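Engineer: Next one to model:
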Amino acid sequence: MNPPARPVSPIPPGETLNEELAIRGWSQADLADVLGRPVQAINEIVTGKKAITPETAVGLSRAFGKPAQYWLELESKYRLDLLLYRASGKIADDVERKSRIYSKVPLKELKKLGWIDVDLADLDATERAVCQFLEIDSIDEEPKIQFAARKTEKGAPHSQVQIAWICRVRQLAKNQRVPTYSSARLAKEIINLPKLSMTEETTRTVPLHLAELGIRFVVAKHLTGTRIDGGTVWLNPASPVVAVSFRYDRMDWFWFTLMHELAHVLAGDGKSKPMLDQALIGRDADSTSISPMEEKADKAAAAWLVPQDRLNAFVRSTKPYFSRTAVLHFAASVGVHPAVVVGQLQRRGDIPYTHHRNLLTNARHLFSNGG
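Structural biologist: Sure, this is the predicted structure:
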C-alpha cells in the first residue's frame, strides 16, 4: 500500500506575475524599470523568495491594471498554503516515525508501568528511550532477542510485546549481584525450597535463597494480553534468571511458576533463547500440544511441591469431599502452604477452581521487586 500523497506544492504569486509579463512580452528587467525597483527584487518576488508588500501591490496594480488587493490576496494565500504544506510534511514524517516506535513496544503501557520514563511528546527522547530499552542502536533495527514460548497459538500476542517483557527482566536482573551459579547446589537444594511456602515470612526469603545459589529472581509485571506467567533468561551461560509476572496474585500460582522455571534452570533450558511460559496454571491453563521440555518441567514442579505418591494417597482417602480441615492437615504433613495443595488438586481436576478460594492467599506484596 503506497503512502498518501502530500499536498500539491503551493503556487507562488510570482507565477501569475510571470504570466502578466508574458502577455506583454516584458522581461523582469522591464518590470523593474517600470516599478523603479532592482531587478533582483523582482526576481525574488517571481521565485517566491520575497513577499509582495502593500507598497509593491500598489505598484503592480498600476502596472497591470488589477487591484492591489488582488496581489495581496495571492500573496496571503500562498504564504498560508506554504505553512500548511510544510506542516503536512512534518505531520506525515511524525506519523511514520511514531508508527515505527509504537511497532517496537506497547509504549503507553510501558510508560504507565514506569519501564520507560520519557515525555512521549518528545519524539527524539522517546525514540532514544525505546532503543535503550530494547538494546538496539536504531529504531529501524530489530531486537536481537529471540525466545521460545511454551505454546504458539493462532492469534497469540505479538512477539514484540513478549520481547518487551524479556527486556524488562534482563534490565532488572542486571542490577543484581549474586555469586556464581552452581547446578549441583540447585539440584541438592531444590527439593527443600517448597518448605519456604509455609508462611509469608519464609516465602519472602525466596529471592535470598535463590541468590545464594547464583540465581537472580525478578518480578516483571504482566503485560496486557500476553498471558505470560514466568520465564527463564540467562544473562550469560553461567547466569540464570528466574522471572515471574504475578498474572494471578496467588500463593499457589507463585510457587508452581517458580518451581517450573527452576526446572528449566536445572535442565539448562533457555541458554540460547529465553523461555517464556504462558498459561501455566488457572482456568486458562493448557498442557496440551506443549513440548516434552515443558511437560517435563510441569511434572518436576508438581513433584517438588508435593510428593505425588503422598498426594495420590490423600486423594484416594479423602475424595470426593476435600474439607478445609483435611486440606490444612495434609498441607502441614507435607510441609507446604495450603494454597499449594489446593492448586495441585485444582490442576489435577480433583476439585473445581471455585473450591477453597479463601486458602489461595496473595503473594505479590511479599516482594519489593515489583517489576
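Engineer: switch to C-alpha atoms for all contacts and neighbour counts from now on
Structural biologist: OK.
Engineer: Give me the contacts around whatever helix or strand Glu15 lives in.
Structural biologist: Using DSSP states H and E, Glu15 falls within helix 13-24. With contact meaning C-alpha atoms under 8 Å, 6 or more residues apart in numbering, helix 13-24 is reached by 27-28, 31, 45-48, 64, 71, 74-75, 78.
Engineer: List the ones among those that fall in helices.
Structural biologist: Mapping the contacts of helix 13-24 onto helices (DSSP state H) picks out 28, 31, 45-46, 64, 71, 74-75, 78.
Engineer: Just the buried subset of those, written out for PyMOL, thanks.
Structural biologist: Filtering the ones in helices among the contacts of helix 13-24 down to the buried ones (16 or more other C-alpha atoms under 10 Å) takes a single PyMOL command:
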select buried, resi 28+31+45+46+71+74+75+78
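Engineer: all helices of the stretch 201-350 of the chain, in order?
Structural biologist: Here the stretch 201-350 of the chain has its helices, by DSSP state H, counting those that start in this stretch, at 206-212, 251-267, 292-305, 308-318, 324-334, 338-348.
Engineer: Can you say which of those helices is packed in most?
Structural biologist: Sort the helices of the stretch 201-350 of the chain by mean neighbour count, taking mean count of other C-alpha atoms under 10 Å, and helix 251-267 sits at the top with a mean of 24.
Engineer: Give the other helices and strands that it contacts.
Structural biologist: helix 183-189, strand 228-236, strand 239-244, helix 292-305, helix 338-348 (3 or more C-alpha pairs under 8 Å, 6 or more residues apart in numbering; DSSP states H and E).
Engineer: Export these as JSON lines, with columns for distance to Leu60 and mean pLDDT.
Structural biologist: Output for the helices and strands packed on helix 251-267, formatted as JSON lines (distance: least, C-alpha to C-alpha, whole Å; pLDDT from 0 to 100):
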{"stretch": "helix 183-189", "distance to Leu60": "90", "mean pLDDT": "96"}
{"stretch": "strand 228-236", "distance to Leu60": "73", "mean pLDDT": "95"}
{"stretch": "strand 239-244", "distance to Leu60": "76", "mean pLDDT": "97"}
{"stretch": "helix 292-305", "distance to Leu60": "84", "mean pLDDT": "94"}
{"stretch": "helix 338-348", "distance to Leu60": "89", "mean pLDDT": "94"}
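Engineer: Can you say which of these is nearest to Leu276?
Structural biologist: strand 228-236 (4.5 Å; C-alpha to C-alpha).
Engineer: Any buried residues in the closest one, and which?
Structural biologist: Neighbour counts over strand 228-236 (16+ other C-alpha under 10 Å) mark 228-234 as buried.
Engineer: re earlier: would CSV of the ones in helices among the contacts of helix 13-24 with distance to Tyr102 and pLDDT be doable?
Structural biologist: Listed next are the ones in helices among the contacts of helix 13-24 as CSV, based on distance: C-alpha to C-alpha, whole Å; pLDDT from 0 to 100:
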residue, distance to Tyr102, pLDDT
Gln28, 52, 92
Leu31, 55, 91
Ile45, 44, 89
Val46, 44, 88
Phe64, 55, 92
Trp71, 46, 92
Leu74, 41, 91
Glu75, 40, 90
Tyr78, 36, 86
